[in-house]
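Visitor: sequence plus predicted model, see below.
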Amino acid sequence: MKRSRIVNILASQEVGATVTVAGWLRTKRESKGGFCFIELNDGSCLRNLQVIAEERLSNYREEVLRLQTGSALRVSGTVLESPGRGQAVELRAEVIELLGETDPESYPLQKKRHSFEFLRTIAHLRPRTNTFGAVARVRNAISFAVHRFFQERGFIYLHTPIITGSDCEGAGAMFRVTTLELDRAPLLDGHVDFSMDFFGSPANLTVSGQLEAEAYALAMGDVYTFGPTFRAENSNTPRHLAEFWMVEPEMAFCDLDGNVELATDFLKFVFSYVLDQCREDMEFFKRFIDPTCVDTLEKLISQDFERLSYTEAVQILSKAEESFEFPVDWGCDIQAEHERYLCEKVFHRPLVLTDYPKTIKPFYMKVNRDKKTVRAMDVLVPKIGEIIGGSQREDDYQTLLDRMNELEINPDAYRWYLELRKFGSAPHSGFGLGFERLVQFVTGMSNIRDVIPFPRTPGNISF
RNA sequence: UCCCCGGUAGCUCAGCAGGUAGAGCGGGUGGCUGUUAACCACUUGGUCGGCGGUUCGAGUCCGUCCCGGGGAGCCA
């Protein structure tokens, strides 16, 4: 018989139905009255299905009574109304098949709460816990919401390269990709001769698909990427990964205002979708992870994001009575403490900061008329900080070239990117969103390593 | 990479002023019960992160390295 998902059995509550389910045993409670209770979870939802196993089963004594937490089972039986509290229906087993047993001495998961630090050391088993199951389902829902949002608005999903030839995109250290043997690399004048390498020149893992997305935006109108991104920074924080997923929309004929509008619409859409589709998991996060997470999302959907310029932000900060570790001065970068102060103490809501000094932003951002600021935007949310960073792009050939020379970036490496400003250039804008930070914000999970299945961080590649 | 805190049983932790290790949970056995992180009794369980030093004696003090957490920087 075809396997039913537990989520559907619990939702339909079809008493009398004959079903087959399969999953992993979470807990078992024995009764000497000749039966036992088995809680089965198949990952389809947070809740378990209570299975009633009775003595009359042919393998009751030899197998059923010896079942351990973690065992894989297939159960066929009848859905019945449950006389006990805590569940509306339960499954009275006719057949219980042990598919994979578990040695209780060595199985690391117990039927009690584990620390996230410990669970990180068993990343292959942690999806069998309530929290990581819920994270996986919510992450999946957010992914789907991302695609749905852009698809409904006519954006083209674009696959930008993972391996890139540009060695400096201004977004941090990169991972080198090579087929050369490190201890016997061919040398030329004392340096590694990359003409002997696979691509004939140095190659790296991408830190952003933005530049390539711009090329397609200036042909297709609106595009977005959603893929893996790599940063070789030695960042050891609960907000950084060496491998993470990034969402990057890029829109032709769109200025900074349109960009801000898309970013806020996007966040609101995702939050609504998750609250709508993952109610049970979200209630779990509210109860065990962050009591404010559901309220926060509900508030964000209804309220407007505060928008102010960098200059205005600096004015507010310099008048603040708060004592900051880093002094506030026009031209300085806004520090994490400043972001938190503005978000959590002044406005009590997410913030869109725009028009930063050009000296603290990358070369590709459009320079304002004042020649001092660029059309940049950062979306800041409480706790996480910067969740979105974007800008209107410089679309004037000469200005972009001047900026590159100013920052000592070799234009030769960006010839094709510059050409986009030569042939049918148009105003265009886009942003990048760290997908895991979004999942963190939605779920309230405090460490980014717990919202991606197998986190890659400095010194950690065990799974 | 920098600052602070931590690493003791499978897990979560206690171990006060240096005197050769404890609890709860888990596992095992038995009992009880339409049970809900079930309950009760008994039982099992440790190179006290690694290396070096001080000392008659180090989980405890010192040095160093490794790992984890929090904060900062870099950023998404």
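Guide: That came through, no problem.

Visitor: the longest strand seen in chain A - contacts with which helices or strands?
Guide: As assigned by DSSP state E, the longest strand anywhere in chain A is strand A:18-31. Applying 3 or more Cβ pairs under 8 Å, 6 or more residues apart in numbering; DSSP states H and E, we find strand A:18-31 packed against helix A:6-12, strand A:35-41, strand A:49-54, strand A:72-81, strand A:89-100. The way it works is simple: take the backbone N, C-alpha and C, and place the C-beta from them, glycine included.

Visitor: now those as a markdown table including mean pLDDT, distance to residue A:432 and mean neighbour count?
Guide: Shown next, in a markdown table, are the helices and strands packed on strand A:18-31 (pLDDT from 0 to 100; distance: least, Cβ to Cβ, whole Å; neighbours: other Cβ atoms under 10 Å):
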| stretch | mean pLDDT | distance to residue A:432 | mean neighbour count |
| --- | --- | --- | --- |
| helix A:6-12 | 93 | 34 | 17 |
| strand A:35-41 | 90 | 36 | 21 |
| strand A:49-54 | 92 | 41 | 22 |
| strand A:72-81 | 93 | 40 | 18 |
| strand A:89-100 | 92 | 42 | 17 |
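
Visitor: adding distance to RNA strand B, write those out as CSV.
Guide: Shown next, in CSV, are these (distance: least, Cβ to the nearest atom of the strand, whole Å):
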stretch, distance to RNA strand B
helix A:6-12, 13
strand A:35-41, 3
strand A:49-54, 5
strand A:72-81, 7
strand A:89-100, 5
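
Visitor: and the angle for the longest strand of chain A with strand A:35-41?
Guide: 120 degrees (axes from the mean of the first three to the mean of the last three Cα atoms, to 10 degrees).

Visitor: quick one: mean pLDDT for strand A:18-31?
Guide: Average pLDDT, strand A:18-31: 90.

Visitor: where does pLDDT dip in chain A?
Guide: Along chain A, segments meeting pLDDT under 70 span A:167-171.

Visitor: thinking again about what came up before, list the buried residues of the longest strand of chain A.
Guide: Residues A:19-26, A:28 are the ones in strand A:18-31 that count as buried (16 or more other Cβ atoms under 10 Å).

Visitor: burial of the residue in the stretch 51-200 of chain A that RNA strand B sits nearest to, as a residue count?
Guide: Nearest to RNA strand B in the stretch 51-200 of chain A, going by Cβ to the nearest atom of the strand, is residue A:84, at a distance of 2.1 Å. Using other Cβ atoms under 10 Å, residue A:84 is surrounded by 9 other residues.

Visitor: how about residue A:237?
Guide: Residues near residue A:237, counting by other Cβ under 10 Å, number 10.

Visitor: that one: what secondary structure?
Guide: Following DSSP: H, G, I helix; E, B strand; the rest coil, the label given to residue A:237 is coil.

Visitor: that one: what's it in contact with?
Guide: Applying Cβ atoms under 8 Å, 6 or more residues apart in numbering to residue A:237 gives no contacts.

Visitor: quick check: it vs residue A:401, distance?
Guide: 36 Å (Cβ to Cβ, to the nearest Å).

Visitor: for residue A:359, same thing?
Guide: Residue A:359 is 18 Å from residue A:401, by Cβ to Cβ.

Visitor: between these two, which has more neighbouring residues?
Guide: Here residue A:359 and residue A:401 are compared on neighbour count by other Cβ under 10 Å; more neighbours surround residue A:401, at 17 against 13.

Visitor: what about the more buried one, helix or strand, and which?
Guide: If you go by DSSP states H and E, residue A:401 is part of helix A:397-406.

Visitor: tell me the helix or strand right after that helix.
Guide: Remark: after helix A:397-406, the chain's next helix or strand is helix A:415-419, criterion DSSP H and E.

Visitor: could you say what helices and strands that following helix packs with?
Guide: Partner elements for helix A:415-419 (3+ Cβ pairs under 8 Å, 6+ apart): helix A:210-220, helix A:397-406.
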